[in-house]
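Asks: Need a 3D model of the sequence below.
(chains A and B)
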Amino acid sequence: AQKVTQAQTEISVVEKEDVTLDCVYETRDTTYYLFWYKQPPSGELVFLIRRNSFDEQNEISGRYSWNFQKSTSSFNFTITASQVVDSAVYFCALNGGNTGKLIFGQGTTLQVKP
Amino acid sequence: NAGVMQNPRHLVRRRGQEARLRCSPMKGHSHVYWYRQLPEEGLKFMVYLQKENIIDESGMPKERFSAEFPKEGPSILRIQQVVRGDSAAYFCASSPAGGLAYNEQFFGPGTRLTVL
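Replies: Numbering: from 1, shown residues only, chains lettered A, B, ... in the order given. Predicted coordinates for the structure are as follows:
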């Protein structure tokens, strides 16, 4: 069975702090894809990143960085120097094999206070 | 190049009525997925369709829910005889056919269904 776990339900930080959102996944597929999406208060889903299972290279995009570790089945997301606009619900998702469907975690609500 | 479009954005129905949610995929995309987000929960897969075919409906409730993606026109998610528990945000996503892009899904803005 495939599963995504985001153990942190809510996180609150003060602006400019760094924050890491955890994501642990389970799958038996050897080829799979991992995603992060952002859902701001307006409700839409914003794609942030996709990572293939055969590419463990970490990625940095501005203040965002992702740490993919197959050994621990984790795909964690770090926001450096957080800003109020980062306040949102963040979802980690898994797409295993060729099933087509995304398996989402429960989401982590991030609140960045000024 | 327009993104995935969903309408209506907000839909209010009384118990027992029918709800029809429409999704127009991105241009050139032939795969459509529907997801449901219940209040305070993550998104749950409902159904995956290609043009005129249902590929995977393992997430669809057994009764009252149906989906189609005709040769022409948008994909439709239909909920008959709605109940209060159907109140949720319904998201549509699309992807192009073939290759690595197969697994990359682009989401629409969602339809918020409220059942009174």
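Asks: What's the first helix or strand after the lowest-mean-pLDDT helix or strand in chain A?
Replies: Every helix and strand in chain A was compared by mean pLDDT, DSSP states H and E; the lowest is strand A:59-61, with a mean of 86. With elements assigned by DSSP states H and E, the helix or strand that comes after strand A:59-61 is strand A:64-69.
Asks: Just give the strands next to that following strand in its sheet, each with its orientation.
Replies: strand A:59-61 (antiparallel), strand A:74-79 (antiparallel) (DSSP bridges).
Asks: Report the rounded mean pLDDT for the longest one.
Replies: Along strand A:74-79, the predicted confidence averages to a pLDDT of 96.
Asks: next structured bit after it?
Replies: That would be, after strand A:74-79 and using DSSP H and E, strand A:88-96.
Asks: other SSEs contacting that following strand?
Replies: If you count contacts as 3 or more CB pairs under 8 Å, 6 or more residues apart in numbering or on different chains; DSSP states H and E, strand A:88-96 packs onto strand A:3-5, strand A:32-39, strand A:74-79, strand A:103-104, strand A:108-113. The way it works is simple: take the backbone N, C-alpha and C, and place the C-beta from them, glycine included.
Asks: could I get these as a markdown table with mean neighbour count?
Replies: Formatted as a markdown table, those follow (neighbours: other CB atoms under 10 Å in any protein chain shown):
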| stretch | mean neighbour count |
| --- | --- |
| strand A:3-5 | 16 |
| strand A:32-39 | 21 |
| strand A:74-79 | 19 |
| strand A:103-104 | 22 |
| strand A:108-113 | 17 |
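Asks: So B:G85, which state does it fall into?
Replies: Secondary structure state of B:G85, per DSSP: H, G, I helix; E, B strand; the rest coil, is helix.
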